[in-house]
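**Student:** here's my sequence, what's the structure:
(chains A and B)
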Amino acid sequence: MVMKNEKPFVLSFEEAIGLSKRELGGKGYGLMEMTKLGLPVPPGLIIPTYVCREYYRAGRLPKQLMDMVADKLKMIEDKVGRKLGSVHKPLLVSVRSGAPVSMPGMMDTILNLGLNDEIVEALAKETGNMSFAYDTYFRFVHCFSRIVLRVPQEELDEAVEEFLRSRSFRVLDFSKLSHEDLKELIWDLKKVVGHKTGRRFPEDPKDQLKEAIEAVFRSWNNPRAKAYRKLYKIPEDLCTAVVIQAMVFGNLGQNSGTGVCFTRNPSTGEKELYGEFLINAQGEDIVAGERTPMPIHELKRRFPRIYEQLLNIAEILEKHFKDMQDIEFTIQEGKLYILQTRPGKRTLKASIKIAVDMVEEGLITEREAIERVDMSKLAQVFKSRIDPHAGIKPLARGLNASPGIATGKVVFTVRDAEVYSSKGEPVILVRPETKPEDVRGIAVSVGILTTKGGMTSHAAVVARGLGKPAVVGAKDVKIDLDNELFKVNNLVVRKFAVITIDGSTGNIYLGKVPTIKPEIPPEIRKLLNWAEKYGKHVPSELKNLI
Amino acid sequence: MQMNQKIFLVLNYLDIFKTTNEEALKLLGLSENELKLILKNLFQEGLIRRTNSEWIIEESGEEMVRGYRERLLRESSRSEEFMKYCEEFERLNKEFKELVTRWQLKDEGGMLVPNDHSDPDYDFKIIERLSVVHEKTMNVLKRICEIIPAFKIYAKRLENALNLLMNGNLEYMVDKSKESYHEVWFELHESLLKISGMKRVE
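**Tutor:** This is a model prediction of the structure:
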C-alpha cells in the first residue's frame, strides 16, 4: 500500500483538507472546502491530478489504484449506508473531471454509475419507483456508452429515435415512456454497444468504475480540451483530478429537483440569488434545455425552507471564498445537497457593484476591490449618450452596428475623408455600402453611415474592429453620389454638412447634438477614489466621465 | 504581356483594393524577385502606376484583369460548377460574418456591448465553430483551386491565420493590422465575387 512520504492516490473529501487546488482540481477543491465548512455535500473521493500525470507517464492506471479506491469507498459506503454493486441498498456514484483551471465542459463526467440489470430492479423495489429506477438506468447506459465506450452519439440517438418511431412516439414524448419501454430501449442501446465495440456492456460496477476513471483521465487529452489549452496557454501537464461522489437524485419525483444559482445577480451585481431549477430532473436536463427551468424565486414559493437554506449557504460560501459563487444543487426528496461551487462569471458592471458591496460588507479590502475590476475596460461600458431632454428628433434611423456617438462633416468618398481628416476635420463617411477600397476611408473617419447592409456587413465589422461608431442599413437615407448629397424624405443633406450618428441606438441627427455624460453608478466613484488612494492607474477617459 | 496565374494574383489584388503598398503584395506568396519583376512589367505596360510608396491600378489594368477572369472561366469549361462553389462559399460567408459579429459584440441582457474577451468559454465556442466553417471552406476552396490554381495561396493564408488564432493570438480573428482570418477571408470573397459576377450580399 502507500509508503511513507508517498502521495496518496485517493483521498476522501475530509482527507483532502489542506491540499491545493492544483492537486485537487477546481471541482474537488470546492467540494473539499464545502465539506470543511460542514455544508450538505454528498460524501466522495478525489483522485488528485498527480495520479493523472502518472497515468500518462505509464500509459495505464497505477496498479494499486483500484484497490485503494475500493478501500476508501468503504468510508463512503458506511456513511450513506449503501454499497456499490450490492442488490441491497446499492450505491450509485458520479465520476467527474476537474482541472486546476476552469475548462468548462471540455472534459468528461459520468453519472449514475453502479447500475446493471439486477441492481436496477433492486433500486426500483427499494424506492417503489419503477420509472425513476429505469430513467436513471437509461441515463447511465447512454452516458457510459457514449463517453467511456466511445460509441458515437449519433448511433445512440438513432437507436433511441428508431425505438420511439416503432412505438409511434414523437421525440418530445420521450419523458412519457413507461419503465417497460425504457427496459427495451436500454436493451437496444446495449445492442448498439455490442455491434460498435465488439464487446459487452460492463455489468460489474467495479469494472464500470475503473473504466470511468480511465475515461476521465483520457478526456484531459481529447481534441477539444487540447484546443482549449492551446488557445489559453494552459500547461499540458496540469492534468485533471477525478471526483467520485455518492449520487443524490433530483429525479425522484415532485419533491425532488436540481438547479444552478449565483449568489448575486451576475448581470447587475445585486445581492440576490439568481438562477433556475427544474423539478424531477437531473443536472444535465438544465443544460440540455429540453425542459424550461423555473426562475429561482419560484423555489421560494415551492420549497420555502430549502430556499432559506440556500440563502444561508450562499452567505457562508461568499464569506469563505470572498467572492460571488456559482452553485449547483440537487434536492432529493426534500433534502438539499450542494454539488459544486466556483467563482461566478459576471459582467463588468456586476463586477464593480460586487467588489464595492463586498468592501462594505467587510468581506474584502478596498485594495482587493480595485484589483478585481478591469479599469481599462470601464470606459467602454460607460459612454456618453444623446441628451434625451434636448428635444432633438433623429433625422432617420439605421441599425446600431458599432456603439458610440460621432459628430462630423459628411463626406462621400474615401479621398475626401482622407483629405479633410488630414486637416484635422472630423468626418463621417457616408456610403451605400463599403467596398474593400473604402476601408482606408473608414480608418480616418470618426464614424460610418451606410444605407445598405446589416449588423454583420463589412462596414459594421470593420468599424467595430477599429472602435468607430457606425450606423448601417439606414434605408430611409437616399444617397446621390453624383451630386454629393443624401436625402431623407424632402430634406437634403449636402457634403460637409455636420451630422451626428449614435451607434448605440442607430439614430442619425442633423448637426451637433448635445450629449450628456453617462449615469455613473455611485460604486464607480468609490472605486475610483480607492484607486487614487492606493496609487492605481485610472485611464483618463474614465476620469473625464466623472 | 502574357497574363499568367501569378500576374493575375497581383493584378486581382490591386483591382480589389485599388491602391496598395508593396508590403501587402508580399502576402500573395510570390518570391521577392518574381514580385518585383511582375510589378515592373505591369508598370511598363501602363497597367499600374506608382505614387510615393503606393501602387495604383489603372483603368487598362482593371480591364485586363476583367478579361482574364472571363477567359479563365470560359477556358476551364467548368463555369457552371464554379458558380455552384461560389454559392456554397456565400452560405459559408453568411455564417462566418455572424461569427465575427458575435466575436465583436456580446449580448448582455438585450444590450449589445463590445466583447471584452473576458469570457474564455464564449470566445472558445466561436473559435470552435470557426474551425468547422474553416474545414468546409477548405473543401470548397480545394475544388475552386482546380479551376483557379492561383487561389491556393488563400487556403494557405487562411490556415495560417486560424493556426495563429488557435494558438492564443486572438487578434488574428479580425484585426485589420494583422493578416487576420477576416482580412484574408474578405480578400478571397472579393476575388470570388469578381469572377462569378455575383453581388455582395450585405
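**Student:** how near is residue B:173 to chain A?
**Tutor:** Computed with C-beta to the nearest C-beta, to the nearest Å, the distance linking residue B:173 and chain A is 9 Å. In this view, the C-beta of every residue, glycine as well, is placed from N, C-alpha and C.
**Student:** ignore the last one, residue B:36
**Tutor:** For residue B:36 relative to chain A (C-beta to the nearest C-beta), the value is 24 Å.
**Student:** give the contact list for the one residue in chain A that gets nearest to chain B.
**Tutor:** When scored by C-beta to the nearest C-beta, chain A has residue A:453 as its residue closest to chain B, at 3.0 Å. Residue A:453 makes contact with A:433, A:459, A:460, A:472, A:473, B:202 under the criterion C-beta atoms under 8 Å, 6 or more residues apart in numbering or on different chains.
**Student:** do stretch B:83-101 and chain A meet at all?
**Tutor:** Yes: looking at stretch B:83-101 against chain A by C-beta under 8 Å from any C-beta of the partner chain, the contacts come from B:94, B:97, B:98, B:100, B:101.
**Student:** buried subset of the residues you listed as a PyMOL selection?
**Tutor:** The PyMOL command for the buried members of those (criterion: 16 or more other C-beta atoms under 10 Å in any protein chain shown) is given here:
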select buried, chain B and resi 97+100+101
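**Student:** TSV for the residues of stretch B:83-101 next to chain A, including secondary structure?
**Tutor:** Below are the residues of stretch B:83-101 next to chain A laid out as TSV (DSSP: H, G, I helix; E, B strand; the rest coil):
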residue	secondary structure
B:94	helix
B:97	helix
B:98	helix
B:100	helix
B:101	helix
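**Student:** export the residues of stretch B:83-101 next to chain A to CSV and tack on pLDDT?
**Tutor:** Converted to CSV, the residues of stretch B:83-101 next to chain A look like this (pLDDT from 0 to 100):
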residue, pLDDT
B:94, 95
B:97, 95
B:98, 95
B:100, 96
B:101, 95
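**Student:** and the residues of stretch B:83-101 next to chain A, which is closest to residue B:145?
**Tutor:** Minimum distance to residue B:145 across the residues of stretch B:83-101 next to chain A is 22.0 Å, recorded for residue B:94 (C-beta to C-beta).
**Student:** okay, domains of the chain per the record?
**Tutor:** I went with chain A, as the question did not name one. A:257-346, A:385-516 (automatic domain parsing).
**Student:** the chain in question should be chain B.
**Tutor:** Taken from automatic domain parsing, chain B resolves into B:5-70, B:78-196.
**Student:** quick one: contacts of the lowest-mean-pLDDT helix or strand in chain B?
**Tutor:** None of the helices or strands of chain B scores lower by mean pLDDT, DSSP states H and E than strand B:111-114, at a mean of 83. For strand B:111-114, contacts defined as C-beta under 8 Å, 6+ apart pick out A:380, A:381, A:400, A:403, A:464, A:467, B:104, B:105, B:106.
**Student:** other SSEs contacting the lengthiest helix in chain B?
**Tutor:** Secondary structure of chain B read by DSSP state H shows that its longest helix is helix B:120-147. Under the contact criterion of 3 or more C-beta pairs under 8 Å, 6 or more residues apart in numbering or on different chains; DSSP states H and E, helix B:120-147 touches helix A:223-231, helix B:59-76, helix B:79-104, helix B:152-166, helix B:181-196.
**Student:** which one of the contacts of residue A:453 is nearest residue A:252?
**Tutor:** Of all these, residue A:460 has the smallest distance to residue A:252: 50.6 Å, by C-beta to C-beta.
**Student:** can you tell me the closest non-neighbouring residue to that closest one?
**Tutor:** Excluding the flanking residues, the one nearest residue A:460 by C-beta to C-beta, 6 or more residues apart in numbering or on different chains is residue A:401, at 3.8 Å.
**Student:** across the sheet, point out what pairs with residue A:335.
**Tutor:** Residue A:335 has the following beta-bridge partners by DSSP bridges: residue A:332.
**Student:** next step: the contacts of strand B:111-114 restricted to helices.
**Tutor:** The members of the contacts of strand B:111-114 that map onto helices under DSSP H are A:380, A:381, A:464, B:104.
**Student:** OK, contacts around the nearest residue to residue A:343 once chain neighbours are set aside?
**Tutor:** Closest residue to residue A:343 apart from its sequence neighbours, by C-beta to C-beta, 6+ apart: residue A:323 at 5.1 Å. Counting by C-beta under 8 Å, 6+ apart, residue A:323 touches A:343, A:344, A:358.
**Student:** shaky segments in the stretch 151-300 of chain A?
**Tutor:** The model of the stretch 151-300 of chain A has pLDDT under 70 over residues A:170-175, A:287-289.
**Student:** is the residue of chain A closest to chain B in a helix, a strand, or coil?
**Tutor:** With three-state DSSP as the basis, residue A:453 sits in coil.
**Student:** next one: it from residue B:164, what distance?
**Tutor:** Residue A:453 is 28 Å from residue B:164, where distance means C-beta to C-beta, to the nearest Å.
**Student:** now residue A:521, what are its backbone angles?
**Tutor:** Phi and psi for residue A:521, reported as degrees, to the nearest 10, are phi -60, psi 140.
**Student:** element containing residue 55, please.
**Tutor:** Just going to use chain A. Assigned by DSSP states H and E, residue A:55 belongs to helix A:49-58.
**Student:** can you look at chain B instead?
**Tutor:** Per DSSP H and E: residue B:55 is located in strand B:54-57.
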